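> need a structure here:
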Amino acid sequence: MVIITHQRDKCIGCNYCVEEAPERWAMSQKDGKSILIDGKDSKGFFTVRVHDDEFIQNYYAAESCPVNIIQVKNSSFSI
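Sure, this is the predicted structure:
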């Protein structure tokens, strides 16, 4: 199981996460910030649990984020 966490308030709207993992990320029409699809909000941190097959593309989304607000974890290692 992979856990993805996104601190949306600090998003600068660069769109890199959407380019790397479009099935899990989208850009908001309202404020231009990224949205973690199916993410649940807890005090400004959006989190979703997904299957292992989504790890690689979301790893690249986290790595490409210039403000480092995306965290991707699985049972073996974390980014």
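
> pLDDT score for the nearest residue to residue 10 once chain neighbours are set aside?
Spatial nearest neighbour of residue 10, chain neighbours left out: residue 69 (4.8 Å); criterion: CB to CB, 6 or more residues apart in numbering. Just so you know, the C-beta spots here come from the backbone N, C-alpha and C atoms, and that holds for glycine as well. Residue 69 is assigned 98 on the pLDDT scale.

> tell me the contacts of residue 69?
For residue 69, the contact set (CB atoms under 8 Å, 6 or more residues apart in numbering) comprises 6, 7, 8, 10, 11.

> and of the residues you listed, the nearest to residue 19?
Ranked by distance to residue 19 (CB to CB), those are led by residue 11 at 14.3 Å.

> Which residue ranges of the protein form helices?
Using DSSP state H, the helices of the chain run over residues 16-20, 55-64.

> want to throw these into CSV with mean pLDDT and mean neighbour count?
Below are these laid out as CSV (pLDDT from 0 to 100; neighbours: other CB atoms under 10 Å):
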stretch, mean pLDDT, mean neighbour count
helix 16-20, 98, 19
helix 55-64, 97, 19
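
> This completes my enquiry, with thanks.
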